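Novice: return atomic coordinates for the entry below.
(chains A and B)
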2 protein chains.
Amino acid sequence: MESSARSRRRLDCISRHLSVPPHPNHFLQPVLLSSVQNKLKSGDSEPVIIGGMVLDIHAIPSIPANPGTTTPGKVNYVLGGVARNIADCMSKLGTKPFMISVLGLDMAGSLLLEHWKSAELSTEGILRQQDIKTPVVSNIFDASGESAAAVASAEAIEKFITPNWIQQFKHNIHSAPVLMIDSNLNLPALEASCRIAAVSKIPVWFEPVSVVKSGRIVSIAQYVSFISFYTCPVTFVSPNEDELTAMANALSGGNLFSSSPIESENSSYNSSIESLFQRLKPAIWVLLKHGIKIVVVTLGSNGVFLCSKGGLSVMRVGHEGIKRDASSRQLYNTVAVACPPNLIPDFAKSENSSLLFAVHFPALPASVVRLTGAGDCLVGGTLSSICAGLDLMQSVAVGIAAAKAAVESETNVPHVLNLAAIADDAELIYSAAKVVCHESML
Amino acid sequence: MESSARSRRRLDCISRHLSVPPHPNHFLQPVLLSSVQNKLKSGDSEPVIIGGMVLDIHAIPSIPANPGTTTPGKVNYVLGGVARNIADCMSKLGTKPFMISVLGLDMAGSLLLEHWKSAELSTEGILRQQDIKTPVVSNIFDASGESAAAVASAEAIEKFITPNWIQQFKHNIHSAPVLMIDSNLNLPALEASCRIAAVSKIPVWFEPVSVVKSGRIVSIAQYVSFISFYTCPVTFVSPNEDELTAMANALSGGNLFSSSPIESENSSYNSSIESLFQRLKPAIWVLLKHGIKIVVVTLGSNGVFLCSKGGLSVMRVGHEGIKRDASSRQLYNTVAVACPPNLIPDFAKSENSSLLFAVHFPALPASVVRLTGAGDCLVGGTLSSICAGLDLMQSVAVGIAAAKAAVESETNVPHVLNLAAIADDAELIYSAAKVVCHESML
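Specialist: Below is the predicted model:
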């Protein structure tokens, strides 16, 4: 896209937002998890990220490819893996996550580890040994930039990230402000992670990764009921529409939900967002009923639904007195100015457990280079902001801004995340957020 | 294939060969290039190999792949590149080639260089710098093991193997027993290589690589006529059938030759080999008429045609008094016992420059794992044997034995080439070699 067109689109976008009421969020709650805050108060605790580190090999033909022949083009090595991307994004926003993962003693493993060392992140939790083949996904794209074929060799994640390996870092988890697990982990590893986190009431973010793997949420729920631990150990989930319906179907043990879109060609922006929410609401409610406290539904160019049950009283407000290191403080200060926290409306403070509360955040127009990594940066940006002491509304706005930076980059995570640009984008997103639901589900 | 079936086929093959006359090669000439011999006599000269070092990425789905989705499977890193494979094969047969190539300061470059160092080969001729992207070919295979899609990022070979870079190693070329160039090189690099070799009358082996690139032979011939150097600087070429016809068309400036096969379903083995030769003879003759001294036509499972013009008098006989290092002597001694050199028949000594002389060598049945690398090992095996002081007949037999080992291996060049097994196979191939042509082309 030409830069003039891009500038025009940006101006259009800004002017559109200038027409919204000056303080649309006054009635929305600044949301913070007390446990996150407590951990952050205690000092130098690091968020823990458990999941895959993957090398993505992107082969891009420079001319249309004929099957069976070799086509000239470019082959790029892209650092990937959902958990790795999330941690990488957090690191670039000033948070230093503690990664628990596995890598082989091979070429791909060296490349991934080298990047980790150069970012000055801890490699203590990254198991490396001779019999591990570093996870790799080999992609060949077609001329239009779509993946034409892809093969994933990622069995090491399930085979070597074991409960035993995770257990070795239980002290890191116990002192973490938050634990992120990606559903590439096998079931015992997911269960072990949640068990360790539950002991110290560490909030857990579950990233469903794919439609197939998103169903693993059930095993955690089952594990929880098995040990009579009546609170769901998962605080956050971040599905896209398809993963949301798959998770709802898995949790309800049926096939009740479908993610096939409803035709709404003639509807306006607001009414299509409204109808989208109405379509997804039953599935969102299934997740909330199963004890998941926050459902972040990612909608691509349609933005994000941030949903909770029982109003926002499940989360405490308060972000004073948090110890933050310099880089984390920088994120906090920059975003807090751009997105001033707002007061909680009375209705959202309700203890009514049948209340479904949902806010819609728009996405910003972007000059798309590659869509990969956007969802991971959304999670990484949100988690970094939570760890920096921002509230959940502010944090999700930062997450969407980070996702926008990701789609405008050739890599999964941009080489640099410019805090000022992130804050500018977050401000636009935050100021355009709207409550789409605060109703009793009885 | 089951090992019992494989054993049976091997026995069948051996018993078939036992029925041929005991000394079928008595009338065939032991062929040696005097210049190769002279160089070898001078001591520790190394053959020089100029061309690509490439990392092949092989992605193999473990279940049938659906386009557009990611399929689980294996991703293997295979050391490749025609020139690299040839040099690697030579090294494993006891020859230490001097490689002139380029690699980036990246992951793939490190892997390729690491292997070179571990084989104790010189890396002096391998240019490494920041702006070079190591050549990579990314392949995705289908369930049947065929390449479904492949993208090659190999422009560094043409861009960075420059005449200037090659020129820095002119002393290595001047003292080499033989120079191998692959036609991945750009035209100025091919010409520069031949020019340097011509000064010291070093025989040049030109490997055509692909149908498209095989036409680069013309530039060398044009260069030669331009500087009024009336002898073609290329001694050997090693095309397959398609490359042969492409080269003949390019050299004759037309489109006279076709490699489309003639139907011969009911013909016996010998008559089909005979008809195959008759079909290819006009193209072979074009190459020989343009001054190429030896044409080695590779025929896959049909073996090899070894062809020369003007009888075998273009080459001198004699392999006494050659200085060989221990490992090279081991190849010589092992093969010389298995394939005793034979006397030159009078008709093949003819100085008649219109004589086309051709010998057919069969291939042996093989338990095919992957066909890649076979042609490169044929060249590598032949070159190693020539450098060890074996004659051309013996050398081609070793080349075919090395090619068989390559197709039975997952890698392009087998991890180990067992000399005894190579000699056993070479013996079978050598003893079954037959003159298919010794006729005047007037």
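Novice: output the contacting helices and strands for the helix or strand containing A:Ala83.
Specialist: Taking DSSP states H and E as the definition, A:Ala83 sits inside helix A:82-92. Here helix A:82-92 touches strand A:48-50, strand A:98-104, strand A:179-182, strand A:204-207, helix A:374-388, going by 3 or more Cβ pairs under 8 Å, 6 or more residues apart in numbering or on different chains; DSSP states H and E. From N, CA and C alone the C-beta is placed, and that goes for glycine too.
Novice: show residues contacting that helix.
Specialist: Contact partners of helix A:82-92, identified using Cβ atoms under 8 Å, 6 or more residues apart in numbering or on different chains, comprise A:47, A:49-54, A:79, A:96-97, A:99, A:101, A:112, A:115, A:119, A:121, A:180-182, A:184, A:207, A:209, A:373, A:376-377, A:379-381, A:383-384, A:387, A:402, A:406, A:412-414, A:416-417.
Novice: just the CA trace of stretch A:202-215, in PDB.
Specialist: Presented in PDB, the C-alpha positions along stretch A:202-215 are these (Å, rounded to 0.1, in the frame of the first residue of the first chain):
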ATOM      1  CA  ILE A 202      -1.600 -17.300  40.400                       C
ATOM      2  CA  PRO A 203      -4.000 -16.200  37.500                       C
ATOM      3  CA  VAL A 204      -3.600 -18.400  34.500                       C
ATOM      4  CA  TRP A 205      -4.000 -17.300  30.900                       C
ATOM      5  CA  PHE A 206      -4.900 -20.100  28.500                       C
ATOM      6  CA  GLU A 207      -4.200 -19.500  24.800                       C
ATOM      7  CA  PRO A 208      -6.100 -22.100  22.800                       C
ATOM      8  CA  VAL A 209      -3.700 -22.000  19.700                       C
ATOM      9  CA  SER A 210      -6.000 -23.900  17.300                       C
ATOM     10  CA  VAL A 211      -9.500 -25.300  16.900                       C
ATOM     11  CA  VAL A 212      -8.200 -28.800  17.500                       C
ATOM     12  CA  LYS A 213      -6.100 -28.000  20.500                       C
ATOM     13  CA  SER A 214      -8.500 -25.500  22.100                       C
ATOM     14  CA  GLY A 215     -10.500 -28.500  23.400                       C
END
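Novice: contacts for the longest strand seen in chain A?
Specialist: The single longest strand within chain A, with elements called by DSSP state E, is strand A:70-80. Contact with strand A:70-80 is made by A:53-65, A:85, A:88, A:111-112, A:115, A:137, A:372-373, A:410-413, B:57, B:106-107, B:136-139, B:147, B:149-155, as judged by Cβ under 8 Å, 6+ apart.
Novice: for ChimeraX, what selects the buried ones among these?
Specialist: Applied in ChimeraX, the following selects the buried portion of these according to 16 or more other Cβ atoms under 10 Å in any protein chain shown:
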select /A:53,54,55,56,57,58,59,60,61,65,85,88,111,112,137,372,373,411,412,413 /B:57,106,107,136,137,138,139,147,149,150,151,152,153,154
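Novice: residues in contact with the residue of the stretch 151-300 of chain A found nearest chain B?
Specialist: Nearest to chain B in the stretch 151-300 of chain A, going by Cβ to the nearest Cβ, is A:Val151, at a distance of 3.6 Å. Residues near A:Val151 by Cβ under 8 Å, 6+ apart: A:137-138, B:59-61, B:65, B:70-75, B:140.
Novice: go with 6 Å
Specialist: A:Ser138, B:Ala59, B:Pro61, B:Thr71, B:Gly73, B:Ile140 (Cβ atoms under 6 Å, 6 or more residues apart in numbering or on different chains).
Novice: surely the second one is within a helix?
Specialist: No: the assignment for B:Ala59, made by DSSP: H, G, I helix; E, B strand; the rest coil, is strand rather than a helix.
Novice: distance of it from A:Gly52?
Specialist: 17 Å (Cβ to Cβ, to the nearest Å).
Novice: so where's the stretch 101-250 of chain A shaky on pLDDT?
Specialist: A:222-231 (pLDDT under 70).
Novice: where along it do the helices fall?
Specialist: Counting by DSSP state H, counting those that start in this stretch, the stretch 101-250 of chain A has helices at residues A:107-118, A:155-160, A:163-167, A:170-174, A:187-199, A:211-214, A:217-226, A:241-252.
Novice: give me the helices and strands touching the third one, please.
Specialist: Think helix A:163-167. helix A:187-199 (3 or more Cβ pairs under 6 Å, 6 or more residues apart in numbering or on different chains; DSSP states H and E).
Novice: mind redoing it with 8 Å?
Specialist: strand A:98-104, helix A:187-199.
Novice: and these: which comes nearest B:Lys281?
Specialist: strand A:98-104 (52.4 Å; Cβ to Cβ).
Novice: please see if that closest one touches chain B.
Specialist: No: taking Cβ under 8 Å from any Cβ of the partner chain as the criterion, strand A:98-104 and chain B are apart, separated by no less than 11.1 Å.
Novice: how many neighbouring residues does A:Thr69 have?
Specialist: A:Thr69 has 11 neighbours, counted by other Cβ atoms under 10 Å in any protein chain shown.
Novice: and the gap between A:Leu103 and chain B?
Specialist: Here A:Leu103 is placed at a distance of 13 Å from chain B (Cβ to the nearest Cβ, to the nearest Å).
Novice: can you pull the contacts of that residue?
Specialist: Applying Cβ under 8 Å, 6+ apart, we find A:Leu103 in contact with A:Met53, A:Gly109, A:Leu112, A:Leu113, A:Ile126, A:Leu127, A:Arg128, A:Ile132, A:Thr134.
Novice: residue contacts, the nearest residue to it once chain neighbours are set aside?
Specialist: The spatially closest residue to A:Leu103, leaving aside those adjacent along the chain, is A:Gly109, at 3.7 Å (Cβ to Cβ, 6 or more residues apart in numbering or on different chains). Residues counted as contacts of A:Gly109 (Cβ under 8 Å, 6+ apart) are A:Leu103, A:Arg128, A:Ile132, A:Thr134.
Novice: the first one pairs with what?
Specialist: For A:Leu103, the beta-bridge partners under DSSP bridges are A:Arg128.
Novice: give me the distance between it and A:Tyr430.
Specialist: Taking Cβ to Cβ, one finds A:Leu103 at 37 Å from A:Tyr430.
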